[in-house]
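K.L.:
Pasting the sequence and the predicted model now:
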Amino acid sequence: MNEYQVLARKFRPQRFRDVVAQESLVVTLKNAIRMKRTAHAYLFCGCRGTGKTTLARLFAKALNCHALSEEIEPCNACSSCQEIAAGHAIDVLEIDGASHRGIEDIRQINETIGFAPIGKRFKIYLIDEVHMLTKEAFNALLKTLEEPPGHVKFFFCTTEPHKIPATILSRCQRFNLRRIPEDKMIAKLHQIITEIHLSADQEALEILAEMSEGSLRDALSLLDQVIAFEKGKVTAHAVTEVFGLPSNEMLFSLTAAGAKNDLTAAFKIAEEFYASGKNISYFIEELIAHFRTLLLLKNGISPTERDKKQYDQAVVHYRMDQLIQILEFLTEGQQSIKSAPSERTALEMLLLKILRTHQQLSLESLVQRLLSLEQQFSITEDPSPKPEELPKISKPKAPSPSAMTPQPSVPAPVRAPQAIQEKGQAMTPLSAPPQPLPLQEQSRFDTVMRFAAKELNGSLKKEL
């Protein structure tokens, strides 16, 4: 009986042209072989499932292939290519940096590095997860890595290049692998589905591509699991059932409940999801992706064509600041719900926070209300002239000798007070003191100000 081989291993690229979304790196490696300008050390960096180890193996196959094509593609037919593909090549040693991380393992490499390859052009050491090596192991590798024999090549693969010492990085040619875009991943999944004589819904492949987060290996592992659940055709319903994802109706029902101020919907949704026994982490991730899509649509960006009509109808019920606040709730809840005493209660509180955002005033409307209140209850300013409006006082001149003689005093004319107006009119001062607000208006003003302070995450103390 033949042992089943998972899709991630069965469809591992065997030629450079099969590598997805790493075109610039492939061209660089091919040109290095064509121009015979290959370096002695290469570092392949990137997140999981993007093809680091695959590219290193293909490069090793191309360097030692006995019948390399004109397009610099390994033939996969010679003994060298077959041995490397099967992992049995004596001169291509794959080392796991996590389990062989000590100085003794590096010393063993240094002792065997001088032996010539058997039946191949180059002796290649491929160290995966190289960042796991100890500091002493890196130091022991420095001299060998800087000046290895001409027949030796080092290929390093890592997901955390920042943990590698700068002395190692400076001795390597570094290649950063990008995450695989969703459109290219969907095309690759569709190709694989066709080769294994199955069919799949476009929506199902889109969901798998979103869940994989740019990792083709993750997407193939998820596809394997869905195929085992439903044989024949991969559907969106099967994907949501296998991984416990919320349905579209459940996601968009939050918008309808928020518009109606129906807070009981939070408890109904939490009860339905909790009773199904599905993974809450997947549910929160789907909520984050759902509201992120709404935020992008609010900014005029259309990230997906799935359920576009429903998204267009839902986005009108949200404000920009509201969507940002919801995403903050979800990202914080994603971390706190793991340590919560009751996941069900934590999920209910999270959904309640989302629904309550529909009834909160926006900051812009709050500012407008405060401005209107300020105009309504404005207090008369002090009519005293400002310093710049005062008349300029000229510097007094020295008195003349004639002015020094005493003059008879003349009584100054009595002027009427400025506050007294014409006869028959009431006499009121020009600058009347501000009148206090009525008790009812004062209470309303205090209430609005305290509400504003609470909305702005501040506090307002009443002056005695």
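P.N.:
Arrived safely. A quick note: this is a predicted structure, and the numbers were derived from the prediction, not measured. Numbers count the residues shown, from 1 in each chain.
K.L.:
Let me know the helix or strand that residue 175 is in.
P.N.:
Element membership for residue 175, per DSSP states H and E: strand 173-176.
K.L.:
Alpha carbons only: can I get that strand in CSV?
P.N.:
Included here for strand 173-176 are C-alpha records, laid out as CSV according to Å, rounded to 0.1, in the frame of the first residue of the first chain:
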residue,chain,number,x,y,z
GLN,A,173,24.4,37.3,0.0
ARG,A,174,20.9,38.0,1.5
PHE,A,175,17.6,37.2,-0.3
ASN,A,176,14.4,38.4,1.2
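K.L.:
Just the residues contacting that strand, thanks.
P.N.:
Residues outside strand 173-176 that contact it (Cβ atoms under 8 Å, 6 or more residues apart in numbering) are 25, 28, 39, 41, 42, 43, 44, 45, 46, 55, 161. (Each C-beta comes from the backbone N, C-alpha and C, glycine too.)
K.L.:
What lies in contact with the following helix or strand past it?
P.N.:
Downstream of strand 173-176, the first helix or strand assigned by DSSP H and E is helix 182-195. Helix 182-195 is contacted from outside by 7, 11, 20-21, 180, 199-200, 202, 205-206, 208-210, 212, 214, 216, 219-220, 223, 234, using Cβ under 8 Å, 6+ apart.
K.L.:
What's the mean pLDDT across helix 182-195?
P.N.:
On average, the pLDDT along helix 182-195 is 91.
K.L.:
what do you get for stretch 345-360?
P.N.:
84.
K.L.:
can you give me the helices for the stretch 151-300 of the chain?
P.N.:
Assigned by DSSP state H, counting those that start in this stretch, the helices in the stretch 151-300 of the chain fall at 166-169, 182-195, 202-212, 216-229, 236-243, 248-259, 264-275, 280-298.
K.L.:
hey, C-alpha coordinates of the longest one in PDB?
P.N.:
What follows is helix 280-298, C-alpha atoms only, in PDB (Å, rounded to 0.1, in the frame of the first residue of the first chain):
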ATOM      1  CA  ILE A 280     -13.100  31.400  19.200                       C
ATOM      2  CA  SER A 281      -9.700  32.600  17.900                       C
ATOM      3  CA  TYR A 282     -10.800  31.900  14.300                       C
ATOM      4  CA  PHE A 283     -14.000  33.800  15.000                       C
ATOM      5  CA  ILE A 284     -12.200  36.900  16.200                       C
ATOM      6  CA  GLU A 285      -9.800  36.700  13.300                       C
ATOM      7  CA  GLU A 286     -12.700  36.700  10.900                       C
ATOM      8  CA  LEU A 287     -14.300  39.700  12.700                       C
ATOM      9  CA  ILE A 288     -11.000  41.600  12.300                       C
ATOM     10  CA  ALA A 289     -10.900  40.700   8.600                       C
ATOM     11  CA  HIS A 290     -14.500  41.700   8.200                       C
ATOM     12  CA  PHE A 291     -14.200  45.100   9.800                       C
ATOM     13  CA  ARG A 292     -10.900  45.700   8.100                       C
ATOM     14  CA  THR A 293     -12.600  45.300   4.800                       C
ATOM     15  CA  LEU A 294     -15.300  47.800   5.900                       C
ATOM     16  CA  LEU A 295     -12.500  50.200   6.900                       C
ATOM     17  CA  LEU A 296     -10.800  49.900   3.500                       C
ATOM     18  CA  LEU A 297     -14.100  50.400   1.700                       C
ATOM     19  CA  LYS A 298     -14.700  53.500   3.800                       C
END
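K.L.:
what's the angle from it to helix 248-259?
P.N.:
In terms of direction (axes from the mean of the first three to the mean of the last three Cα atoms, to 10 degrees), helix 280-298 departs from helix 248-259 by 60 degrees.
K.L.:
before we move on, what about the second one?
P.N.:
Helix 182-195 and helix 248-259 meet at an angle of 150 degrees, taking the same axes, to 10 degrees as the criterion.
K.L.:
Buried residues in the strand holding residue 175, which are they?
P.N.:
Neighbour-count burial for strand 173-176 flags residue 175 (criterion: 16 or more other Cβ atoms under 10 Å).
K.L.:
and what of stretch 93-105?
P.N.:
94, 95, 97, 100, 101, 103, 105.
K.L.:
Can you get me the start-to-end distance on that stretch?
P.N.:
In stretch 93-105, first residue to last residue: 13 Å (Cα to Cα, to the nearest Å).
K.L.:
again with stretch 115-123
P.N.:
9 Å.
K.L.:
average pLDDT for that stretch?
P.N.:
Stretch 115-123 comes out at a mean pLDDT of 84.
K.L.:
Phi and psi next, for residue 232.
P.N.:
phi 110, psi -70 (degrees, to the nearest 10).
K.L.:
Give me the spatial nearest neighbour of it, chain neighbours excluded.
P.N.:
Nearest residue to residue 232, sequence neighbours excluded (Cβ to Cβ, 6 or more residues apart in numbering): residue 198, at 6.9 Å.
K.L.:
Quick one: residues contacting that neighbour.
P.N.:
With Cβ under 8 Å, 6+ apart, residue 198 has these contacts: 227, 232, 233, 234.
K.L.:
Repeat that for residue 218.
P.N.:
Residue 218 makes contact with 48, 49, 211, 212 under the criterion Cβ under 8 Å, 6+ apart.
K.L.:
let's see it at 10 Å
P.N.:
Residue 218 sits next to 8, 47, 48, 49, 180, 185, 208, 209, 211, 212 when contact means Cβ atoms under 10 Å, 6 or more residues apart in numbering.
K.L.:
Can I take it that residue 43 is in a strand?
P.N.:
Yes: assigned with DSSP: H, G, I helix; E, B strand; the rest coil, residue 43 falls within a strand.
K.L.:
Backbone dihedrals for the residue nearest to it when sequence neighbours are not counted, both of them.
P.N.:
Nearest non-adjacent residue to residue 43, counting by Cβ to Cβ, 6+ apart: residue 172, 4.1 Å away. As for residue 172, its main-chain torsions (degrees, to the nearest 10) stand at phi -120, psi 150.
K.L.:
Could I get the contacting residues of residue 172?
P.N.:
Residue 172 makes contact with 39-44, 130, 145, 154-156, 161, 164, according to Cβ under 10 Å, 6+ apart.
K.L.:
ok, of these, which one's closest to residue 266?
P.N.:
Nearest to residue 266 out of the contacts of residue 172 is residue 161 (Cβ to Cβ; 43.4 Å).
K.L.:
so what's that closest one closest to, chain neighbours aside?
P.N.:
Counting by Cβ to Cβ, 6+ apart, residue 161 lies nearest to residue 45, which is 4.4 Å off, once chain neighbours are set aside.
K.L.:
ok, the one you found - how many residues close by?
P.N.:
Here the count is done by other Cβ atoms under 10 Å, and residue 45 has 21 residues near it.
K.L.:
repeat for residue 294
P.N.:
20.
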